[in-house]
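Peer 1: structure here, sequence nowhere to be found:
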């Protein structure tokens, strides 16, 4: 049998990729008009401040409480007129913030409800959480499929939102995959809200943090903003997966907590996208970014794909979900488009043929592209095939943005005979592609 040259095989792969990748016209762009209220903290006090001296917070409270009642009421009414339509339950938010300022209230024995609410307003500020970017999406089937027509599926999309100071938070969208494979995104809620933190305020971030939203809030209204010191500069790149165990479905997401100086992997878990639990991961394999959890146990253990050495991909097992040590090297940079480094692009997707693992590779001029590998279903350490050429690479129209020459995803989803692939463009906005599974597998080399 005549053996094709590597060059002819490469040309064939590139030509097939140009026909099977169906890019949708669903551009999810950052919207600076969407804001949440966040605590405002006065600048750090001088280190030589005498403990008996008043702080800046005390001074602000003193000035507010010195206002006569009529002026205070007028100011509060003006604030509500300007901001109430932009947030839910604003007066209650002011009062909650005033509770945080109890130390500043201490010298005062009497104050009115209006004064407390006005003080709360002085220690809050609006934050445009997606002013700069809306990117690195992942997708899972919605837990509620009621009313969806046969052959269609409702989904939840998570996205990394970036605002002032390059602080990352987690936001959501919902949409529908139709029976014909086309994708629709539901309109975004006008308002946005952060959750109620159920963990004590003394939380250090080394223990689980519980948080919840109101079930009446549309999911696109829910924003998970950094809570602990380890997350203070960002909750980055959540990789969601619908995890099946004993007939029950739970949603997990590995993400990167960034303090501004250090990173660590953490786990977000939820049953309903209303209540969440955030837990730091332990172990030598959890010290880097980009961990992707398998959607079910493998050989009675939890399994993860990780990149603890910044360059290669490892298969890691754990008995308790929260501790990840060691790992077996399964994929290293092999082709020119991934020579700099490899990483996973979300949780593996189970197919009849094996585990489909989307990967990213970094090539010359730090150009990011998306590829794939097929792992053995019973033994994922065995690589059956992988992408010689990328599945998705930056198009000429997709090269400009905050970080040029990047396409990236944090997770795709199977729907019937297709892979639904949301992906980010230049760390700025997001789009969708759909890929027929049979065509995708034909591009992989054994």
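Peer 2: Ah, there it is. Source: prediction; values computed, not measured.
Peer 1: buried stuff in stretch 250-269?
Peer 2: 251-259, 263-269 (16 or more other CB atoms under 10 Å). Heads up, the C-betas are built off the backbone N, CA and C, glycines and all.
Peer 1: between those residues, which is nearest residue 180?
Peer 2: The closest of those to residue 180 turns out to be residue 251 (CB to CB; 26.6 Å).
Peer 1: which helix or strand contains the nearest residue to residue 304 once chain neighbours are set aside?
Peer 2: What sits nearest to residue 304 in space, not counting adjacent residues and going by CB to CB, 6 or more residues apart in numbering, is residue 316, at 4.6 Å. Per DSSP states H and E: residue 316 is located in strand 313-318.
Peer 1: what is the helix or strand just after that strand packed up against?
Peer 2: Per DSSP H and E, the first helix or strand lying C-terminal to strand 313-318 is strand 328-331. Counting contacts by 3 or more CB pairs under 8 Å, 6 or more residues apart in numbering; DSSP states H and E, strand 328-331 is packed against strand 313-318, strand 383-387.
Peer 1: strand partners of strand 328-331, parallel vs antiparallel please.
Peer 2: strand 313-318 (antiparallel) (DSSP bridges).
Peer 1: hmm, back to that, tell me which of the helices and strands packed on strand 328-331 lies nearest to residue 85.
Peer 2: Closest to residue 85 of those is strand 313-318 (CB to CB; 47.4 Å).
Peer 1: any idea of the mean pLDDT in stretch 288-305?
Peer 2: Averaged across stretch 288-305, pLDDT comes to 96.
Peer 1: about what we covered before: how distant is the strand holding residue 316 from the center of its chain?
Peer 2: 22 Å (CA atoms, centre = their mean, to the nearest Å).
Peer 1: try stretch 410-428
Peer 2: That offset, for stretch 410-428, works out to 14 Å (CA atoms, centre = their mean).
Peer 1: same deal with stretch 284-293?
Peer 2: 15 Å.
Peer 1: confidence score at residue 170?
Peer 2: So, for residue 170, pLDDT stands at 98.
Peer 1: how many other residues sit next to it?
Peer 2: 24 (other CB atoms under 10 Å).
Peer 1: so what's it bridging to?
Peer 2: Applying DSSP bridges, one finds that residue 170 bridges with residue 160, residue 224.
Peer 1: am I right that residue 402 is in contact with residue 428?
Peer 2: Yes - counting by CB atoms under 8 Å, residue 402 does reach residue 428; the two are 4.8 Å apart.
Peer 1: on that earlier part again, most widely separated two among the buried residues of stretch 250-269?
Peer 2: 251 and 259 (25.3 Å).
Peer 1: show me the contacts for residue 145.
Peer 2: 153-154 (CB atoms under 8 Å, 6 or more residues apart in numbering).
Peer 1: so which strand or helix has it?
Peer 2: With DSSP H and E as the test, residue 145 turns up in no helix or strand.
Peer 1: flag the shaky bits of the protein, pLDDT-wise.
Peer 2: 1-19, 43-54, 103-109, 200-205, 446 (pLDDT under 70).
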